[in-house]
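A.B. asks: Kindly generate the corresponding structure for this input.
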Amino acid sequence: MDFEHKISGGDWVEFNSAQSKSVEKVQEPKAEEPVEEVEEDFDLTKMKVAELRDYAAENQIELPSEAKKEEIIEIIAEAFQG
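C.D. replies: Just a heads-up that it's a prediction; the model follows:
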(Lines give C-alpha, C1' and ligand atoms only; values in the text may rest on other atoms or scores of the structure.)
Protein backbone atom coordinates (compact mmCIF):
# COMPACT_ATOMS: atom_id res chain seq x y z
CA MET A 1 0.00 0.00 0.00
CA ASP A 2 1.20 3.43 -0.82
CA PHE A 3 0.03 6.47 1.11
CA GLU A 4 0.26 10.08 0.19
CA HIS A 5 1.18 11.14 3.71
CA LYS A 6 4.52 10.42 5.27
CA ILE A 7 4.86 9.26 8.85
CA SER A 8 7.52 11.11 10.74
CA GLY A 9 8.99 11.14 14.21
CA GLY A 10 10.24 8.38 16.43
CA ASP A 11 11.91 5.20 15.19
CA TRP A 12 9.28 3.94 12.77
CA VAL A 13 9.70 0.57 11.10
CA GLU A 14 7.82 -0.50 8.02
CA PHE A 15 5.39 -3.30 8.79
CA ASN A 16 3.74 -5.79 6.51
CA SER A 17 1.34 -8.65 7.22
CA ALA A 18 4.03 -11.27 6.52
CA GLN A 19 5.92 -9.98 9.56
CA SER A 20 2.89 -10.03 11.84
CA LYS A 21 3.59 -13.54 13.16
CA SER A 22 7.05 -12.60 14.37
CA VAL A 23 6.11 -9.25 15.90
CA GLU A 24 6.10 -9.14 19.69
CA LYS A 25 3.07 -7.69 21.36
CA VAL A 26 3.86 -4.59 23.32
CA GLN A 27 2.29 -4.46 26.75
CA GLU A 28 0.59 -1.25 27.58
CA PRO A 29 1.99 0.43 30.68
CA LYS A 30 -0.01 -0.19 33.82
CA ALA A 31 -1.93 2.78 35.06
CA GLU A 32 -0.41 4.10 38.24
CA GLU A 33 -2.61 3.90 41.26
CA PRO A 34 -3.64 7.33 42.46
CA VAL A 35 -1.62 8.50 45.41
CA GLU A 36 -3.67 9.84 48.24
CA GLU A 37 -2.45 13.29 49.07
CA VAL A 38 -2.09 14.11 52.72
CA GLU A 39 -2.67 17.65 53.78
CA GLU A 40 0.20 18.89 55.89
CA ASP A 41 -1.94 21.55 57.57
CA PHE A 42 -4.64 19.11 58.60
CA ASP A 43 -5.86 20.46 61.93
CA LEU A 44 -9.06 19.15 63.48
CA THR A 45 -9.23 22.14 65.82
CA LYS A 46 -9.66 24.49 62.84
CA MET A 47 -12.68 22.58 61.54
CA LYS A 48 -16.28 23.48 62.35
CA VAL A 49 -18.47 20.95 64.18
CA ALA A 50 -20.40 20.15 61.00
CA GLU A 51 -17.13 19.53 59.13
CA LEU A 52 -15.90 17.30 61.96
CA ARG A 53 -19.14 15.30 61.87
CA ASP A 54 -18.87 14.92 58.08
CA TYR A 55 -15.23 13.85 58.40
CA ALA A 56 -16.17 11.28 61.04
CA ALA A 57 -18.99 9.92 58.87
CA GLU A 58 -16.67 9.63 55.84
CA ASN A 59 -14.24 7.62 57.96
CA GLN A 60 -16.91 5.42 59.61
CA ILE A 61 -16.32 6.92 63.04
CA GLU A 62 -19.40 6.89 65.24
CA LEU A 63 -20.10 10.00 67.26
CA PRO A 64 -22.66 10.55 70.01
CA SER A 65 -25.29 13.02 68.81
CA GLU A 66 -24.73 15.24 71.86
CA ALA A 67 -20.91 15.34 71.53
CA LYS A 68 -19.29 18.77 71.69
CA LYS A 69 -16.43 19.87 69.43
CA GLU A 70 -13.70 18.89 71.91
CA GLU A 71 -15.22 15.44 72.38
CA ILE A 72 -15.57 14.93 68.63
CA ILE A 73 -11.91 15.85 68.09
CA GLU A 74 -10.86 13.41 70.83
CA ILE A 75 -12.97 10.58 69.36
CA ILE A 76 -11.58 11.15 65.86
CA ALA A 77 -7.99 11.32 67.13
CA GLU A 78 -8.46 8.09 69.12
CA ALA A 79 -9.92 6.34 66.08
CA PHE A 80 -6.72 6.93 64.12
CA GLN A 81 -4.39 5.98 66.96
CA GLY A 82 -5.41 2.52 67.24
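A.B. asks: Run through the residues that contact I72.
C.D. replies: V49, L52, R53, A56, L63 (CB atoms under 8 Å, 6 or more residues apart in numbering). C-beta: built from backbone N, CA, C; applies to glycine.
A.B. asks: Tell me the one of those residues nearest K69?
C.D. replies: Nearest to K69, judged by CB to CB, of the contacts of I72 is V49 at 5.2 Å.
A.B. asks: so what's the closest one closest to, chain neighbours aside?
C.D. replies: K69 (5.2 Å; CB to CB, 6 or more residues apart in numbering).
A.B. asks: The one you found against L52, yeah?
C.D. replies: Yes. Shown here, K69 and L52 form a contact pair, counting by CB atoms under 8 Å, at 6.7 Å.
A.B. asks: mind checking pLDDT for the residue nearest to V49?
C.D. replies: pLDDT, K69: 96.
A.B. asks: pull the longest helix from the protein.
C.D. replies: For the chain, the helix with the greatest residue count under DSSP state H is helix 69-81.
A.B. asks: worst-scoring helix or strand of this protein, pLDDT-wise?
C.D. replies: Least confident helix or strand of the chain, by mean pLDDT, DSSP states H and E, is helix 69-81 with a mean of 93.
A.B. asks: what about the chain, any weak spots by pLDDT?
C.D. replies: 1-27, 35-41, 82 (pLDDT under 70).
A.B. asks: hmm, 90 instead?
C.D. replies: 1-42, 80-82 (pLDDT under 90).
A.B. asks: burial of the residue nearest to V49, as a residue count?
C.D. replies: 14 (other CB atoms under 10 Å).
A.B. asks: quick one: it and E33, what's the gap?
C.D. replies: 35 Å (CB to CB, to the nearest Å).
A.B. asks: is it true that Y55 touches M47?
C.D. replies: Yes. Counting by CB under 8 Å, Y55 touches M47, with 6.9 Å between them.
A.B. asks: Quickly list what's touching both of these two.
C.D. replies: Counting by CB under 8 Å, 6+ apart, nothing touches both Y55 and M47.
A.B. asks: what about A67, which SS state?
C.D. replies: coil (DSSP: H, G, I helix; E, B strand; the rest coil).
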